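**Q** build the 3D model from these lines:
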Amino acid sequence: MQHSVSIKDLSLSFGSVKVLEHLDLDIRQGEFIVLLGPSGCGKSTLLNCIAGLLDVSDGQIFINGKNVTWEEPKDRGIGMVFQSYALYPQMSVEKNLSFGLRVAGMKKEEIAQRVKRAAEILQIEPLLGRRPANLSGGQRQRVAIGRALVRDVEVFLFDEPLSNLDAKLRSDLRVEIKRLHQRLKNTMIYVTHDQIEALTLADRIAIMKNGVIQQLADPHTIYNKPTNLYVAGFIGSPSMNFIGGTLEGESFVADDGTVIPVGAYEYASTAGGGAKAILGVRPEHIFLGEAAQAMPFKTDVEIEIVEPMGSESLAWTKVAGVPVTFRCSSDVALAVGDKVNVGFDIARGSLFDAATENRL
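**A** Reported below is the predicted structural model:
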């Protein structure tokens, strides 16, 4: 398998502060990888190392089999799209797109051809004569992507490109970026702290914390089989529900004594009897009424808060003495103080070792 980008044992420190530590990452040809994590987790730093905007302390970076660890950014075969657009305000869109090519001394015909192709792909042909000040945020971001596109490179790097846009525009441009990747089939590395962006765009997601990749997997695996408590709590909105307790045979005994059968759970690793554990259940895997009756664990609860969200509602309650959120259709009329029966789909739950926080 040809790796488009390979990062081997990469470390980066600023003085005594370690930002990245012994990081390894192999990205396949044509893959869309998303680096996801909270502010300060090292995702943008890693992207800047790949781009050559930061000098690494240790380790190596390969792009298409070539060691580029100490190459200049312009010699790495990458195109970068920044959060801030970084357009030249005094130049037209056409001049912004062609600037890098003109500086590189490319022939006029070739430049015109590349600008035309990028403008067609991004549907910005009518904007070529305008200046950035006369463009909307979404149009500016398309121009910024176009400027990377005209370079005709193997690898595109995106650093939170949609974070300055409003929700509707973000959603529209997310679809555009997905279309762009399907059409070009180039390798794309995309940094975001927005999990919806990550889940919808990525072939694989690398979830980062303190400069370390916690889990690297496809969106389905990350969401349904998080490798540890951190990943489980980070992915999903609203967050996964967690209940502390102890494993006793095929039962999970919550800290308040509530017994939850976990025989249907598929273990990733063995856990001894009496092991302290944490049970995680996503809000959509908690069911009401008749659907709850088919579940291995069901209990009566009282509704504390209801939050209508349009097509669905979120409800807050307590199970085993712990606050729990669940989703239900907005057709279900729930009110504060209602007593309802809820059931857990344990087969789709997650169990974590309380000491190591790793998946069981």
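**Q** would you mind measuring the gap between the ends of stretch 206-215?
**A** Terminal residues of stretch 206-215 lie 6 Å apart, using C-alpha to C-alpha, to the nearest Å.
**Q** now tell me what touches it from outside.
**A** Stretch 206-215 is contacted by residues 12, 18-21, 23, 25, 33-38, 41-43, 45-46, 205, 216, 222, 226-228, 230-231, 234-235 when judged by C-beta atoms under 8 Å, 6 or more residues apart in numbering. Every residue, glycine included, has its C-beta placed from N, CA and C.
**Q** mind redoing it with 6 Å?
**A** 19-21, 35-37, 41-43, 216, 227, 230-231 (C-beta atoms under 6 Å, 6 or more residues apart in numbering).
**Q** biggest separation within those, which pair?
**A** Within the contacts of stretch 206-215, two members stand farthest from each other by C-beta to C-beta: V19 and T227, at 22.1 Å.
**Q** about what we covered before: closest one of the contacts of stretch 206-215 to T270?
**A** Using C-beta to C-beta, T227 is the member of the contacts of stretch 206-215 that lies nearest T270, at 16.2 Å.
**Q** element containing V306, please.
**A** Assigned by DSSP states H and E, V306 belongs to strand 305-308.
**Q** for I27, same thing?
**A** In the assignment (DSSP H and E), I27 maps to strand 17-28.
**Q** that strand pairs with which strands, parallel or anti?
**A** Strand 17-28 has the following strand partners under DSSP bridges: strand 3-14 (antiparallel).
**Q** so for the partner strand, mean pLDDT?
**A** For strand 3-14, mean pLDDT rounds to 94.
**Q** can you pull the buried residues of it?
**A** For strand 3-14, the neighbour count (16 or more other C-beta atoms under 10 Å) marks 3-8, 10-12 as buried.
**Q** got it, and stretch 351-360?
**A** Neighbour counts using 16+ other C-beta under 10 Å place 351-354, 359-360 of stretch 351-360 among the buried residues.
**Q** now the two most distant members of those.
**A** Farthest pair in the buried residues of stretch 351-360 (C-beta to C-beta) is A354 and R359. Separation: 12.3 Å.
**Q** just the helices in the stretch 251-360 of the chain please.
**A** Assigned by DSSP state H, counting those that start in this stretch, the helices in the stretch 251-360 of the chain fall at 289-293.
**Q** strands of that one, start to end?
**A** Ranges of strands within the stretch 251-360 of the chain are 251-254, 259-261, 276-281, 286-288, 297-302, 305-308, 312-319, 322-329, 339-344, 350-353, based on DSSP state E, counting those that start in this stretch.
**Q** same list (these) but as TSV, adding distance to G77 and mean pLDDT.
**A** Output for the strands of the stretch 251-360 of the chain, formatted as TSV (distance: least, C-beta to C-beta, whole Å; pLDDT from 0 to 100):
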stretch	distance to G77	mean pLDDT
strand 251-254	51	95
strand 259-261	53	95
strand 276-281	42	96
strand 286-288	48	94
strand 297-302	54	94
strand 305-308	48	95
strand 312-319	45	95
strand 322-329	45	95
strand 339-344	50	94
strand 350-353	40	95
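**Q** a markdown table for those strands, including distance to L54?
**A** Below are the strands of the stretch 251-360 of the chain laid out as a markdown table (distance: least, C-beta to C-beta, whole Å):
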| stretch | distance to L54 |
| --- | --- |
| strand 251-254 | 45 |
| strand 259-261 | 48 |
| strand 276-281 | 36 |
| strand 286-288 | 44 |
| strand 297-302 | 50 |
| strand 305-308 | 42 |
| strand 312-319 | 41 |
| strand 322-329 | 40 |
| strand 339-344 | 46 |
| strand 350-353 | 34 |
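**Q** so which of the ones you listed comes closest to S98?
**A** strand 312-319 (47.8 Å).
**Q** could you pull out the helices for the stretch 51-200 of the chain?
**A** Going by DSSP H, counting those that start in this stretch, the stretch 51-200 of the chain shows helices at 93-103, 108-121, 137-149, 167-184, 195-201.
**Q** of all the buried residues of strand 3-14, which comes closest to A133?
**A** The closest of the buried residues of strand 3-14 to A133 turns out to be V5 (C-beta to C-beta; 35.6 Å).
**Q** what's opposite that closest one in the beta bridge?
**A** With DSSP bridges as the rule, V5 is bridged to I27, I63.
**Q** right, and it touches D26 too?
**A** No. Assessed by C-beta atoms under 6 Å, V5 is found out of contact with D26, at 7.6 Å.
**Q** quick one: low-confidence parts of the stretch 101-250 of the chain?
**A** The stretch 101-250 of the chain contains no residues with pLDDT under 70.
**Q** how near is Y85 to G146?
**A** 11 Å (C-beta to C-beta, to the nearest Å).
**Q** who has more neighbours, these two?
**A** Neighbour count, other C-beta atoms under 10 Å: between Y85 and G146, G146 has more, with 25 against 20.
**Q** E120 is in contact with the more buried one, correct?
**A** No. Counting by C-beta under 6 Å, G146 does not reach E120; the two are 10.0 Å apart.
**Q** which residue is nearest the centroid of this structure?
**A** Residue closest to the average C-alpha location in the chain (C-alpha atoms, centre = their mean): A198, at 2.9 Å.
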